[in-house]
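Asks: Provided below are the primary sequence and the corresponding predicted coordinates.
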Amino acid sequence: MTPVKVVDASALAAIIFGENAADAVSDRLEAGRLLAPRLIDYEMANICITKLRRDTSQRDKILRSFTGRNRIIVERVKIDFEQMLSLAVQSGLSAYDASYLWLARHHDAELVTLDKKLQAAFASPVGR
């Protein structure tokens with residue numbers, strides 16, 4: 001059976017935009033069924049916009065990278081908002097980050113993130 005892994009925007013962006021952690025993230029995502037909350041598309045677009053604003057000289061490269069994001073198959077999943085809100089309050093995370101946390105816990109899945117606060121919340125027993 002293929003393991004389920006929840007991937008957040010920080011980890012996906014590392015691969016898509018060829019950041020330093022890309023190889024490590026790719027290794028963690030290998031041979032997994034990847035899930036993310038539906039908001040990941042907005043987060044990826046926001047990361048792209050931030051990169052475009054920071055380095056206008058790389059506009060074409062950044063946009064090509066963003067366009068190629070769909071080569072990594074990530075299933076977009078609906079979350080339970082009431083449970084996510086409870087998790088956000090308990091963990092101190094934003095609603096966005098709590099969405100990934102809820103999804104990982106709900107599916108008993110590995111959480112693949114580069115966000116230290118989100119990773120710490122995932123490792124914590126709070127909200128379990």
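Replies: Looks like it arrived, so ask away.

Asks: output the below-cut-off pLDDT ranges for this structure.
Replies: Applying pLDDT under 70 to the chain picks out residues 126-128.

Asks: tell me which residues in the longest helix anywhere in the chain are buried?
Replies: Identified as the longest helix of the chain according to DSSP state H is helix 40-54. Within helix 40-54, the residues that count as buried by 16 or more other C-beta atoms under 10 Å are 40, 43-44, 47-48, 51. Glycine gets a C-beta too; all of them are placed from N, C-alpha and C.

Asks: can you map out the strands along the chain?
Replies: In the chain, the segments counted as strands under DSSP state E are 4-7, 33-37, 75-77, 110-112.

Asks: for residue 17, find the nearest of the ones you listed.
Replies: Distance to residue 17, taken as C-beta to C-beta, is lowest for strand 4-7 among the strands of the chain, at 14.3 Å.

Asks: count of residues packed around residue 64?
Replies: 10 (other C-beta atoms under 10 Å).

Asks: can you give me the helices for this structure?
Replies: Counting by DSSP H, the helices of the chain are 9-16, 22-29, 40-54, 59-67, 81-91, 95-106, 116-123.

Asks: which one of the buried residues of helix 40-54 sits closest to residue 74?
Replies: residue 40 (6.8 Å).

Asks: which residue comes closest to that closest one once chain neighbours are left out?
Replies: Nearest residue to residue 40, sequence neighbours excluded (C-beta to C-beta, 6 or more residues apart in numbering): residue 9, at 5.6 Å.

Asks: any idea which of the strands of the chain is most buried?
Replies: The highest mean neighbour count among the strands of the chain, using mean count of other C-beta atoms under 10 Å, belongs to strand 4-7: a mean of 23.
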